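Engineer: coordinates for the following, if possible.
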Amino acid sequence: MPYIICCGDEKLKAADRAFHPSEVAREKKEIDIDYYLRSQLVPVFGRLLDPIEATDEQQIATRLGMDPSAFKSRAATRARAEREEEMVSQLLI
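Structural biologist: Model (predicted):
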């Protein structure tokens with residue numbers, strides 16, 4: 001069954017803002033473009049561009065005109081992994 005996520009109360013889940021395409025057209029509902037950028041495009045672009053060292057989801061979001069704070073930073077992920085490795089090595093000593 002096809003559906004389109006529309007703008008509405010951001011506190012609602014996406015499923016609560018999902019409508020059939022005919023309903024969207026008939027009631028002239030506004031499509032939630034940010035939802036599609038945030039949940040459909042940025043993650044895909046992130047996976048495609050992952051091999052490029054200086055690219056992460058925050059940079060992609062910035063280029064798309066979005067707030068980058070809601071996305072993963074490769075540097076933050078790498079720093080967290082290094083901290084975890086350090087903790088494990090400390091435990092093994």
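Engineer: now stretch 20-34: average pLDDT?
Structural biologist: Stretch 20-34 carries an average pLDDT of 94.
Engineer: between the two ends of that stretch, how far is it?
Structural biologist: Distance between the boundary residues of stretch 20-34 (C-alpha to C-alpha, to the nearest Å) amounts to 19 Å.
Engineer: ok, stretch 2-13 next?
Structural biologist: For stretch 2-13, the end-to-end distance is 17 Å (C-alpha to C-alpha).
Engineer: and if you look at stretch 24-35?
Structural biologist: Distance across stretch 24-35, first residue to last, is 16 Å (C-alpha to C-alpha).
Engineer: which residues touch that stretch?
Structural biologist: 4-8, 14, 17, 19, 23, 66 (C-beta atoms under 8 Å, 6 or more residues apart in numbering). The C-beta positions use only the backbone N, C-alpha and C, and glycine is treated the same way.
Engineer: just flag the most distant two among those.
Structural biologist: Spanning the widest gap among these are Glu23 and Met66, at 27.1 Å by C-beta to C-beta.
Engineer: and these two? which has more neighbours close in?
Structural biologist: Met66 (18 against 13; other C-beta atoms under 10 Å).
Engineer: for the more buried one, which residues are in contact?
Structural biologist: Residues in contact with Met66 (C-beta under 8 Å, 6+ apart) are 34, 37-38, 42.
Engineer: can you tell me the SS state at it?
Structural biologist: coil (DSSP: H, G, I helix; E, B strand; the rest coil).
Engineer: look at it and report its pLDDT.
Structural biologist: 86.
Engineer: about what we covered before: of the contacts of Met66, which belong to strands?
Structural biologist: In strands, defined here by DSSP state E, there are no members of those.
Engineer: show me which of these are buried.
Structural biologist: 37-38, 42 (16 or more other C-beta atoms under 10 Å).
Engineer: Arg17: neighbour count?
Structural biologist: Arg17 has 18 neighbours, counted by other C-beta under 10 Å.
Engineer: can you tell me the closest non-neighbouring residue to it?
Structural biologist: Closest residue in space to Arg17, ignoring its immediate chain neighbours: Gly8 at 4.5 Å, by C-beta to C-beta, 6 or more residues apart in numbering.
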